[in-house]
Structures are given as structure tokens and as C-alpha cells.
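J.: Return a 3D structure for these sequence lines:
(chains A and B)
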There are 2 protein chains.
Amino acid sequence: MDESYGPLGILGGGQLGRMLCLAAHRLGIKTVIVDPGGIESPAGQVTRAAVHGSFKDPEALEQLAARCKVVTYEIEHINVDALDKIAKSNPALRIEPPPSTLRIIQDKYAQKVHLTSVGGVPIGDFRPVEDEEGVLRCGADWGFPLMLKAKRNAYDGRGNAVVKDRASVREALESLGAGRPGGAEVYAERWVPFERELAVVVARSSDGGLAAYPVVHTVQKLSMCHTTVTPANSALPAGVNWAAVEAEASRVAQAVVAALPGCGVFGVELFMTAAGQVLFNEVAPRVHNSGHYTQDACACDQFENHVRAVLGMPLGSTELVVGASAMLNLVGGPVDAPGGSMAHCSRPMERALTLPRASIHWYGKAEAKPQRKMGHINVTGDSVADVLRAVRVLDGDELSDALPSPVVGVIMGSDSDLPCMKEAAKILKHFAVPFEVTIVSAHRTPDRLVTYAKEALGRGLKVIIAGAGGAAHLPGMVAAMTPLPVVGVPVKTSTLSGNDSLLSIVQMPKGVPVATVAIGNAANAGLLAVRMLGLGRPALLDAMSKYMREQEEEVLSKAAKLEAQGWDVYEYVAPH
Amino acid sequence: MDESYGPLGILGGGQLGRMLCLAAHRLGIKTVIVDPGGIESPAGQVTRAAVHGSFKDPEALEQLAARCKVVTYEIEHINVDALDKIAKSNPALRIEPPPSTLRIIQDKYAQKVHLTSVGGVPIGDFRPVEDEEGVLRCGADWGFPLMLKAKRNAYDGRGNAVVKDRASVREALESLGAGRPGGAEVYAERWVPFERELAVVVARSSDGGLAAYPVVHTVQKLSMCHTTVTPANSALPAGVNWAAVEAEASRVAQAVVAALPGCGVFGVELFMTAAGQVLFNEVAPRVHNSGHYTQDACACDQFENHVRAVLGMPLGSTELVVGASAMLNLVGGPVDAPGGSMAHCSRPMERALTLPRASIHWYGKAEAKPQRKMGHINVTGDSVADVLRAVRVLDGDELSDALPSPVVGVIMGSDSDLPCMKEAAKILKHFAVPFEVTIVSAHRTPDRLVTYAKEALGRGLKVIIAGAGGAAHLPGMVAAMTPLPVVGVPVKTSTLSGNDSLLSIVQMPKGVPVATVAIGNAANAGLLAVRMLGLGRPALLDAMSKYMREQEEEVLSKAAKLEAQGWDVYEYVAPH
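T.: Model prediction:
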């Protein structure tokens, strides 16, 4: 690939640069990084070519420009004037995204003004302020609390201050070094009562095509990203239409990126309110912490797509190829903690080595410091419940429930159905599929029915087996309130031999299906669940083939026995 | 991780060394490689520390030993005497797998003798031969053709010769430089009439624990691995019990590795006969071309597991986390081809850039040569059919059937069922699920029924929707011959209004489930298939939630209309 595409210059040799280099290596693209740490920097350790020097330093930039056709960056706090100069003196050099985009984004206030002007990007109220009086006016208009933010050089919570009330205005201004002549420039933002923070990484190719990654839920700790979770819809507030939120988040993120010149990957941070409203927060013109999960969860990760985009290759697919994904940042702990600052990272990492679906990404930094990002762990799984569970394990929770979380829920209208429904449980146990068994009565516990059905997906269930007899409404009512497949077991009744149960369960109206099995045949419901789960797990379909062959052999051996003994002697023994 | 575990020394800086380095970087492990190409070698390009020198050269080995705690290798053709010497003079240094293992493996004849002696490893007949007469004796005992193999320095078909008949013995011996005093040592192998070649990569940790990766089907071209496919069970000969073959292949591979000292990853090559017998072929004490697919298909890839194993960390999971995977080697083409030798690689690579589930792994070699391995492409997908299709695209086939391969089969007993079954197709179309529609009559085309059911899984189908009326045997008979979930649609009959169809379909015996929907309700069968497919694809479950909300809104708007117009005026309009 190298001849036509590389080498690629990268300003900054931190972890983002490192992961860009590793992605470039896969494609056979050579990289040159600039960092004060040179070959000792995280990126410098994994590439042969490193320029020792600050990426704010015109001379280092000039050295880089001499060796590359395309230059990109892993951080937006770059000397744009120097960049502009390099661009002018090296007309063949492309800088992606271009300095003009950096100029807009480096000033958070200018960023919001620009994105307001293009339209289509919902942004909360914001206003430039110069002094105490200005902030007080904002408070009078919007109420308190409100946010004060430095226009420049703010990240990971630095450069932000919450103004709780009128009395704290001065302190907040001072904490940002603002409010006096010649001090830092700041602006105010109306408080957004967000329920969660979302993020969307968007790639743009050189032909202008956009590709958005799935929406992630970012969870902050101490003003820094602690974990991300995808899909981002677990434990939503009641009434939020997630499909609409997801579509809107993706639309807004793409509108933001469309409004900025250049190609590459952009990280867009958003707020979601409890009512499901999506608001723009900020954008970074580079690979983003909220996109680290893509390394192990998406067809083509953000790092490779950034390399592809800035070099003019076609974009890779941003599709999520696992059921769910979480990312846990490993940051240095307090210096005086047992084991020092590093212990805060090394413990989760040791745990990650023993978790089947956890991948370690370590940055090779020489020393841990409090809050310094040292690495991250990506976890993948079948459901959000699975990956959140894994994150708890990484975080050191001693999980009392050491069993894997259930993927099949076996429910029945009454404990009198248990002798029948037990057979489903036995089959699931035989195939080592984690399951739960409980009673949910449509008619006697209608609230529980609603809760069970609506929470099933979020809890990580994949199939529900519901058994009921008589006017058997349980399977159909559950199917009406979950997108998961529901298997219905008509329990045999004394009055109508289960004909009532069968017709109640199978004759569902168009739009809401229940997979119905024979009267009293819960074993088949279990087998059906296993076949469904086998769609994504070849090993389970293999096990099903084996089970079917064993059945075949059993009948063949009976045939042989019958033939050998003779039909008049052979005695049928009923199974118990 | 570095302090306690690294740095790791690697003998050989080719592509395997390169990918070991990249895996080590993820874990934060530093690497030092030895290669005549030094920093220009494939591995040298991606790591900071490279010793320029032959890995057969004692001095280079000594330099490496001085910098590392553990040394491993990417190739088995190493000077073992030199290694032994280094080990003796550096008692703190660990070499993994140890020289004793290399000594056994470097001599293919000794390898087979050793593995025969430990028991439990099925090996075809083999015998040392010294001259023409010896080979002729083998031919007399075993028949022709037979294989002649050099005991040492054989790989990728080099060092092997097929002896077709008595007349070709001399030529075969000469082609291997054998048969005269002082010539190469060779041995003969009885011809194994294999149906396919299989391979299993096995990792062993420092505590002796074994973890086997899934079995792959390796397809050779010009005596070199061209593609690998996992699962390895597509288009099996009739009567082969795949679950048994798979278990046996994994058992044999693990028995082989258990018989060799040391830890790390081993590649075990096997034969499978048309009757499903598994025979050992050969083993390599290193990461293996047949394990490249693990980079994109397994929880933890072979390179990371090798690094973990030799450094004494716990092994990562070898689980397949996708439905299917294929790997295509990119080798240089003929020098006189248009575009030169490189064109043979660059074309598939360009195609890979536009395929959603293809990942490029390029080795950074300066120049392409005929048959030189330049890189590989991993493809993942839901089914073997999907990934084989992608390989055909990479290979340059202009696929006339540009549609994605169907994942749902909609079948019916008669064309008279089409008006009913059409509704299932409409739902699948609405959800953009690829499907096929055809007629399979249980009673009038019983052979077609058997073929359809048995081939469904291998063709990449994931769900079968079968509709039939009257004595409706189609769904149940299909379910009896596939491990896939089968949805049954009882088609309404004029005689018994579909009661006959319903009971024929739903009342299946224990062991073979059919997911039955309401009489004539094929739409629900389509919806059920979508819910099932949604288990591994969150986007599909989101779409199902959206569909359910739209249904809800439709009914709510009708309620509003009825309330507004009044019950006495409102007119019900039947859907068409």
C-alpha cells in the first residue's frame, strides 16, 4: 500500500498516535510521528520513524513535512499558525483535517457559533461573557446552576467550572483565570439537565462520504471518560423512544461533521435529556476516547478508518459486529494508594487477562500518575448486561452471582405449570445455556408481566419461553411488549386437554408472533430456544446436530432390538 | 505489563514476527527481533529494537539474549546447537518452546516417530528409505502413488515429492537430492486419500494448560496455503459426522502438543479422509498461517496467545466470536503478469478495502516475488456461504448474483400456498433481510425435501419458514433434518379451515421442535424470523421495536378517529 499512500505523518505521539500507528501497520502504511518524547513516546515505541520535538514547534513540523505526503494529528491543541505556514511552504503536503477546521474547533465558543450558523444542530443556550456582571445576567435569564467554560485549551473537565449560584460567580471566573482584563476568554452555557452523555464517532472520506459508528453511552468519573457502553440504551427513562434518539444522535453527529472541512475521524459528544432530547456538546477533529471500543466491536475500527480517510482510501464498515461492547479506561490512581499509582491499572489488567472477552490495549507510558490514561480494556459480549457485568468484574466487584447472566427466561403462569415447564429447563441445562425460571401470571400479576416483558431485552435475555394453560395469555402478552422471540408452551388442561391453551397461544393476530410448540411439549420449547441461540454460535448448532444424531441412534437401536426380539415379545417401556 | 514480563526476544523478523510484535504492543510488551533485514524486515518496521543479523548466527543470538528474559521464534529452521549454547551460557534466559522441541520437530521423520511412540495420535504409514530399492519396497507394500519427503528444511511443498509409480522413483529421489551416498535424508509416506486438509492451532500455557482454536479447512494452491475456512464443515461428503470429526481433530491436535515440551502456540496440520477419519500430518512449534483468521474471528488471536503463553500469562479465550471466517493469503504473482508480481496482491487488497467485513494485514515486504507471502485478508461473516462469497469477490470473480446470500428460506408445499406465504416475504423485505422463496413438497418431492433441509445450514440459511396445508408435513420433516430453527405456517384449508394444518404442524414429538404461528399468518412467521435473527444483530431488534411502536401508533390513531367520529358513524375498512 505504501507507495501510493504513505508515509503518514502524525502530530503527537500519545496513545491515540500509537493506535493510529498500529492500525497503519496492518495496512502496510508507514508512519512518522512528532512528539517531545520521540521514540520513547507511546507512539514512538511502535514505529520506526519519530521526530523528537514538540508538535507546536515549527522546526519539528518542517522536518515532518519533508518526510510525508499527508499529515494528521492526534490532538487539537496545535499551533495552527505554524501549521498554516508549513502548508504554504509545502504545497504538495495535505494536512487532514485542514488547519481551518482546527481553528474553528480550538475555540469552543467559535465552534458553537459556527455550528449554530449552519443549522440542523440542536445546541443549548450559550453566550460569551467578559465579567461577573455578564455571568450574573446569564443566571438571571437561565437560572442557576450554569456552566462557565474557557474558550480554549479545555479538555477532560479542565477549563470548565460549574456556577452553582450568584455567590459563586467570582470564584468560578477566577478558577478559569478569567474575569480580569487580559485573562482567559470564557463563555457561559445554560445548564443542560442531561440524563446521560452520548457520543458518536463519524468518519468522512476524501470524497465527502460520511460513515457514523454506533451511538455510545459515555460514563464520566472525575470529569473524565470512565467507561463507554454500546448499545447505549440500557436502563432508559420511561417513555424514551430509543430508536428515535439513536437516529437523532447519529443525524446530529453527521450534521456537525458535515459542517467542518476535511476528512478523517471526528468524535462528537452529545447530551440526552430524560425526555429523549439530543443536544450537541462538543466535537474533536480526531480519533476519540469514545471510539476505542470499535477496535474489538466494529468491522473496521476508528483508527484504521482515520488512516484510510486522510489517505484517500475508501472507508471501512462502521457496523457493530458483536451484540454489545464496553470500554474501561485505565487511569493512574492516587500516588499514596497501596501499590502506588500504577496499581489502579494493573489490577483490572490482571483481571482482564482471565476474562474470555476482554482485550487489553496498553499505551506503554513509562510512569503512572493520578488520572493519567495508561491503557484501556475493551469488553465484548452478547448483551449490554453481559458487558456491564464484565466491567464490574474488571472494577474489582466480587460478584456474588458468579453464574453467567441468563439468556433464556423460562416463565409460567402458575406453579402448577412447573412439572410441564421443567422439561424446557432440563434441555437448556443439557446444552449449557444460562437461563432463569420464574412465575409471571398475566391475569394475577399483570404489573409484573409488563415489567418482565419490557425489561427482558435490557437485562440481556435473548429468548423467552412462556408456558400457560386455559385462556393462556402470557406468551402473547409478553411478545406484545418485547422485540425478543417468544416461545409459547400450551400447558395441558383437564377441561379441554390443552386445546384451549393451544388456540389461546398460537392464534396471535398479525404483527405479534409467538413460536408455539405442541401441547405440553416444553422440551421442544427448550430445543427451539437452543436452535435460535445457535444462529450466532456455531458450537451450539453443532451440539444440536449431535443431539439429533443421538436421538436417531436411540431409535435405530430400538429398531434393531425389536427386530431381534420379534414384535410379539418386545415390550415397550414408557419414559419417566 | 512490561516490568514483570518483557522484553520478548523473537528469532526471525518475517510476517509472523511482525504480527507477534503488533500483538505484544497491545499488551504493552516490548519486543526485540533478530533478522538479517534488521529494521527493514517486516517485524523490524514495527518495533524499535531490532538486531541486524541472521537468526542462525550465534553472535546475533547472544546479543538478543543479553536484552531479553524470554526468547521465542517465528520459524523452526534455527540452529539448535547455537540455541542450546545460548541457553547454557544464559541460565536466566528461557527459550520457548525449548530447543528440545525444535530438535524433534525439525526432523519430520523424528517428529512422526516421537508422536507414534506417545500413542493417541493417528498417523499414516511411514518408513525411512535410503535408496531406490527402499522406495520400491514401500510401493510394493502400500501401492502407488506414495510420498517422498525430506526429513529436514521442508516447507510450503518444498522437500516433498509424489512418486506416481515404479518408474518415477529415481526422479523423485533426485528431485529431493537424495538416493546417493551423502545426499539428503528422506522418508516415505503411504498415500493418504484425504478429502480435505484441516488444521488446528493449539496454545499451551506455562502451567501446561491447553486451549485449542476452532478447526479450519485449509485449501492449498501450488502446494501453499491459499485460503482457510472456519467452520471447516462446508460441503462435507455424505455420511461424515462432523461433530465427531471436529472433536477428533481437536483431540489429536492437543495430543500432539501435549507430547512436545514447552509453551506457546503450535500449528497442527491434519488430513480428513472421505470417511471422516482424521490423520496427523505435521506440527510447527510456532504461530501458523492456518491461525491468521483468529485475528479477526476469535476472542484472543494466536499471536497474542503466543505472547501470553511464552511470557507465563494466562491464555486468552480461543472461542470463535463470529459465525464464520475465511483467510486469503496474498502472494506475489508471476513477474511477467500485467502490473508485475505485486499486481496479484494489490488487486485483492483494493477489493478488500470496499468489502464491509474484510480486514487487510500487510507485511511491509519491500518487493513482491512469485509465491512470496506479502499479506493476507481476513473475512468474517454470519455463515461459511457468506465468507466464501467474499473470498470469491477478493479473487476477482465477477459475481453475477450481486445480492447478498439469503439467510431465510421461505418454502411451501404448493404454489397454491403462495398468496398466504407472500406475507412472510413482504415482512422480510421490509426488514431488509435477504431471503429466498421456493416450493418444496414433502409428499411430491421427497428427495428435494431431504436435500433442501440437509444443505440449508451449509448454504448459509439461518431460519427456515415452511408453510403447508392439510396433512402438513413439510415444516416438521425439514426440522427433523436441520439444526436450524424452523417456523411452521399452517395454511388455511377449505375442508377443515386449517385445523388440520395447524395440528399437523404444531403437534411435533419431543426432540424436534417447529415454531408454529397462527393459521394463515405467514406475516407473523416473517416477524418471528426477524426476531430470531435479531439475537446477534442489535440493529434488527431496534427495527423490530420501531415496527411495534408504529403498530401501536396506528391503533392509537384509529382509537382517536373512532372517538372523534363516534361509534355509530365510524366505518371499519378491511385491509387488502
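J.: Going by C-alpha atoms from here, please, whenever you check contacts or count neighbours.
T.: Fine.
J.: Could you list the low-confidence segments of the stretch 51-200 of chain A?
T.: A:156-157 (pLDDT under 70).
J.: what ranges do the strands span in it?
T.: Under the criterion DSSP state E, counting those that start in this stretch, the stretch 51-200 of chain A contains strands at A:70-73, A:94-95, A:126-129, A:146-150, A:160-163, A:186-190, A:194-204.
J.: roughly how far out does the second one sit from the chain middle?
T.: Using C-alpha atoms, centre = their mean, to the nearest Å, we find the averaged C-alpha position of strand A:94-95 to lie 31 Å away from the chain's own average C-alpha position.
J.: ok, now the fifth one?
T.: Mean-position distance between strand A:160-163 and its chain equals 28 Å (C-alpha atoms, centre = their mean).
J.: Partner strands of that strand and their direction?
T.: strand A:146-150 (antiparallel) (DSSP bridges).
J.: contact partners of the strand it pairs with?
T.: The contact list for strand A:146-150 (C-alpha atoms under 8 Å, 6 or more residues apart in numbering or on different chains) reads A:108, A:139, A:159-164, A:172-173, A:176, A:184-191.
J.: now those: which count as buried?
T.: A:108, A:139, A:159-163, A:172-173, A:176, A:184-191 (16 or more other C-alpha atoms under 10 Å in any protein chain shown).
J.: Check chain A for its longest helix and report it.
T.: Using DSSP state H, we find that the single longest helix of chain A is helix A:538-565.
J.: Remind me what that helix packs against, helices and strands.
T.: Helix A:538-565 is packed against helix A:522-533, helix B:242-258, with contacts defined by 3 or more C-alpha pairs under 8 Å, 6 or more residues apart in numbering or on different chains; DSSP states H and E.
J.: which residues does A:Leu260 contact?
T.: A:Leu260 sits next to A:Thr101 when contact means C-alpha under 8 Å, 6+ apart.
J.: Now do it, the pLDDT please.
T.: Note on A:Leu260: pLDDT of 96.
J.: Distance check, it against A:Ala284.
T.: Distance, A:Leu260 to A:Ala284, using C-alpha to C-alpha, to the nearest Å: 11 Å.
J.: Kindly report the same for A:Val512.
T.: For A:Val512, the distance to A:Ala284 (C-alpha to C-alpha) stands at 43 Å.
J.: Can you give the contact residues for stretch A:219-228?
T.: Contacts for stretch A:219-228 (C-alpha under 8 Å, 6+ apart): A:156-157, A:196-197, A:216-218, A:289-290, A:293, A:326-329.
J.: can you tell me the distance between the two ends of it?
T.: OK, stretch A:219-228 end separation, C-alpha to C-alpha: 6 Å.
J.: quick check, distance from it to the centre of its chain.
T.: Averaging C-alpha positions (C-alpha atoms, centre = their mean) puts stretch A:219-228 13 Å from its chain's average.
J.: Please list all residues in contact with the residue nearest in space to the middle of chain A.
T.: In chain A, the C-alpha nearest the mean C-alpha coordinate belongs to A:Thr230, at 2.3 Å (C-alpha atoms, centre = their mean). When contacts are counted by C-alpha under 8 Å, 6+ apart, A:Thr230 touches A:214-217, A:324-326, A:384.
J.: could those residues be laid out in JSON lines, adding neighbour count?
T.: Shown next, in JSON lines, are those (neighbours: other C-alpha atoms under 10 Å in any protein chain shown):
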{"residue": "A:Pro214", "neighbour count": "24"}
{"residue": "A:Val215", "neighbour count": "26"}
{"residue": "A:Val216", "neighbour count": "27"}
{"residue": "A:His217", "neighbour count": "25"}
{"residue": "A:Ala324", "neighbour count": "26"}
{"residue": "A:Ser325", "neighbour count": "31"}
{"residue": "A:Ala326", "neighbour count": "31"}
{"residue": "A:Val384", "neighbour count": "24"}
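J.: of all those residues, which comes closest to chain B?
T.: Lowest distance from chain B to the contacts of A:Thr230 (C-alpha to the nearest C-alpha) belongs to A:Ala324, with 8.1 Å.
J.: Does the closest one touch A:Leu388 like I think?
T.: No. When contacts are counted by C-alpha atoms under 8 Å, A:Ala324 is not listed as touching A:Leu388 (9.4 Å).
J.: Spell out which residues are contacts of both of those two.
T.: A:Val229.
J.: So what's the residue count around A:Gln277?
T.: 16 (other C-alpha atoms under 10 Å in any protein chain shown).
J.: Report the contact partners of the closest residue to it other than its chain neighbours.
T.: Spatially, and ignoring its direct neighbours in sequence, A:Gln277 is nearest to A:Val245 (7.2 Å; C-alpha to C-alpha, 6 or more residues apart in numbering or on different chains). Shown in contact with A:Val245 (C-alpha under 8 Å, 6+ apart): A:276-278.
J.: of the residues you listed, closest to chain B?
T.: For the contacts of A:Val245, the nearest to chain B is A:Gly276 (15.3 Å; C-alpha to the nearest C-alpha).
J.: That closest one in helix, strand or coil?
T.: Applying DSSP: H, G, I helix; E, B strand; the rest coil to A:Gly276 yields a three-state assignment of coil.
J.: if we can go back for a sec, list just the nearest of the contacts of A:Val245 to A:Lys454.
T.: For those, the minimum distance to A:Lys454 (C-alpha to C-alpha) is 17.8 Å, reached by A:Gly276.
J.: What residues does the closest one make contact with?
T.: Each residue near A:Gly276 by C-alpha under 8 Å, 6+ apart is listed here: A:240-242, A:245.
J.: repeat for A:Asn521
T.: Here A:Asn521 is in contact with A:420, A:423, A:489-490, B:509-510 (criterion: C-alpha under 8 Å, 6+ apart).
J.: so which of those residues is the most crowded?
T.: Top of the contacts of A:Asn521 by neighbour number is A:Val489, holding 36 neighbours under the definition other C-alpha under 10 Å.
J.: Where in chain A is the helix or strand with the lowest mean pLDDT?
T.: Lowest by mean pLDDT, DSSP states H and E among the helices and strands of chain A is helix A:2-5, with a mean of 60.
J.: what distance separates the start and the end of stretch A:92-102?
T.: Using C-alpha to C-alpha, the end-to-end distance of stretch A:92-102 comes out at 20 Å.
J.: My read is that A:Gly291 contacts A:Val201, right?
T.: Yes. Using C-alpha under 8 Å, A:Gly291 makes contact with A:Val201 at a distance of 6.1 Å.
J.: any residues in contact with both of the two?
T.: A:267, A:302.
J.: any low-confidence regions in the stretch 401-550 of chain A?
T.: Low-confidence segments of the stretch 401-550 of chain A (pLDDT under 70): A:401-404.
J.: For it, which segments count as strands?
T.: Ranges of strands in the stretch 401-550 of chain A, per DSSP E, counting those that start in this stretch, are A:408-412, A:435-439, A:463-468, A:486-490, A:515-516.
J.: how about JSON lines for the ones you listed, with distance to B:Asn79 added?
T.: Formatted as JSON lines, the strands of the stretch 401-550 of chain A follow (distance: least, C-alpha to C-alpha, whole Å):
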{"stretch": "strand A:408-412", "distance to B:Asn79": "56"}
{"stretch": "strand A:435-439", "distance to B:Asn79": "55"}
{"stretch": "strand A:463-468", "distance to B:Asn79": "57"}
{"stretch": "strand A:486-490", "distance to B:Asn79": "63"}
{"stretch": "strand A:515-516", "distance to B:Asn79": "64"}
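J.: Thanks a lot, see you next time.
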